[in-house]
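Peer 1: No sequence on hand, only this structure:
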């Protein structure tokens, strides 16, 4: 059944169909005209917020949503499979393309933007062998409260693209220097995982990439995150390049520079050992996945 032939369901109908599938905890379904978020569970898992395109989703996708409602917050393998199926549905991506995507406001100063671009290109060249596009926007957000970063994925003309990588502006504080690099690598690992395979989770293949590039192979950060002394304080600090990077950064940036035309690398050849070839025993970490299209940590 195609999107064009599928009749749009009302929120009440979707709720009833999910109840039949065992999602008894739900009290309401809300359809939203979002530009970035595909779905979310709120009110302690009793309210399912859906992009309005899912009103025309096939029955198989309702099965997946029921699994997501039943499975949260356990994040089982069945939950991850359902999450991938929901995120990959072409109908919602067509709707989001039609609505357009406008990146949120960037909280970075011009000097901070230059710094982040320089670090990104260096890491791309030295950890990812230049596999990632050089033109992925890197943004600082002053609105993150429970996350440190996110990778926003999308599709253009059927090809996978990364809209942006966003980091919390608090990561620019001196006390968070190591965490900033780890978080950027975390989101870059999400980017290569999505562009190569369409992955949007913290499963075994993402953890393979995380280990390969040198960031913590877990969804959520363990340990303190330093905050500014005054809430809402303007953070303008431009961190120095990490020790030993200064002499290599310029050359690395040239290798991984790229331009606006290289924002899509879906289907690019892999290097080294592939995630599929990695023994399953090497990726047995406990993970937590976000319930929205952007990946978060």
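Peer 2: Everything's here; your move. Since we're looking at a predicted model, the values are computed, not measured.

Peer 1: Next secondary structure after the lengthiest strand in the chain?
Peer 2: Taking DSSP state E as the criterion, the chain has its longest strand at strand 159-168. Under the assignment DSSP states H and E, the closest C-terminal helix or strand after strand 159-168 is helix 177-197.

Peer 1: what about the helices in the stretch 101-250 of the chain?
Peer 2: Applying DSSP state H, counting those that start in this stretch to the stretch 101-250 of the chain gives helices spanning 110-127, 177-197, 204-213, 246-255.

Peer 1: JSON lines for those, including mean neighbour count and distance to residue 100?
Peer 2: Glycine gets a C-beta too; all of them are placed from N, C-alpha and C. Listed next are the helices of the stretch 101-250 of the chain as JSON lines, based on neighbours: other Cβ atoms under 10 Å; distance: least, Cβ to Cβ, whole Å:
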{"stretch": "helix 110-127", "mean neighbour count": "19", "distance to residue 100": "23"}
{"stretch": "helix 177-197", "mean neighbour count": "23", "distance to residue 100": "20"}
{"stretch": "helix 204-213", "mean neighbour count": "21", "distance to residue 100": "28"}
{"stretch": "helix 246-255", "mean neighbour count": "13", "distance to residue 100": "31"}
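
Peer 1: and residue 50, which of those is closest to it?
Peer 2: helix 177-197 (21.4 Å; Cβ to Cβ).

Peer 1: Show me what the closest one is packed up against.
Peer 2: With contacts taken as 3 or more Cβ pairs under 8 Å, 6 or more residues apart in numbering; DSSP states H and E, helix 177-197 sits against helix 110-127, strand 149-156, strand 159-168, helix 204-213.

Peer 1: hmm, back to that, tell me the angle of the longest strand of the chain relative to helix 110-127?
Peer 2: Counting by axes from the mean of the first three to the mean of the last three Cα atoms, to 10 degrees, strand 159-168 lies at 120 degrees to helix 110-127.

Peer 1: re the thing from before, let me have the helices of the stretch 101-250 of the chain in TSV, adding distance to residue 159 as columns.
Peer 2: TSV is the format used below for the helices of the stretch 101-250 of the chain (distance: least, Cβ to Cβ, whole Å):
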stretch	distance to residue 159
helix 110-127	19
helix 177-197	9
helix 204-213	20
helix 246-255	24
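
Peer 1: okay, these in a markdown table with distance to residue 58 and mean pLDDT next?
Peer 2: Listed next are the helices of the stretch 101-250 of the chain as a markdown table, based on distance: least, Cβ to Cβ, whole Å; pLDDT from 0 to 100:
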| stretch | distance to residue 58 | mean pLDDT |
| --- | --- | --- |
| helix 110-127 | 38 | 96 |
| helix 177-197 | 23 | 96 |
| helix 204-213 | 26 | 96 |
| helix 246-255 | 45 | 56 |
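
Peer 1: care to break this structure down by domain?
Peer 2: Following automatic domain parsing, one gets these domains for the chain: 11-99, 110-296.

Peer 1: Kindly report which one of those domains carries the lowest mean pLDDT.
Peer 2: Ranked by mean pLDDT, those end with domain 110-296 at the bottom, a mean of 77.

Peer 1: Among the helices of the stretch 101-250 of the chain, which comes closest to residue 8?
Peer 2: Closest to residue 8 of these is helix 177-197 (Cβ to Cβ; 28.6 Å).

Peer 1: could you give the angle of that closest one to helix 204-213?
Peer 2: Here helix 177-197 runs at an angle of 130 degrees relative to helix 204-213 (the same axes, to 10 degrees).

Peer 1: related to what we said a few turns ago, ok, the longest strand of the chain: who's next to it in the sheet?
Peer 2: Using DSSP bridges, strand 159-168 pairs in its sheet with strand 138-141 (parallel), strand 149-156 (antiparallel).

Peer 1: For that strand, give me every contacting residue.
Peer 2: With Cβ atoms under 8 Å, 6 or more residues apart in numbering as the test, strand 159-168 has contacts from 101, 103-104, 116, 120, 132-133, 136-141, 144, 147-155, 180, 183-184, 187-188, 191, 194-195, 198, 263-264, 266-267, 294.

Peer 1: Give the buried subset of those residues as a PyMOL selection command.
Peer 2: In PyMOL syntax, the buried subset of the contacts of strand 159-168 is picked out as below (16 or more other Cβ atoms under 10 Å):
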select buried, resi 116+120+132+133+136+137+138+139+140+141+144+147+148+149+150+151+152+153+154+155+180+183+184+187+188+191+194+195+263+264+266+294
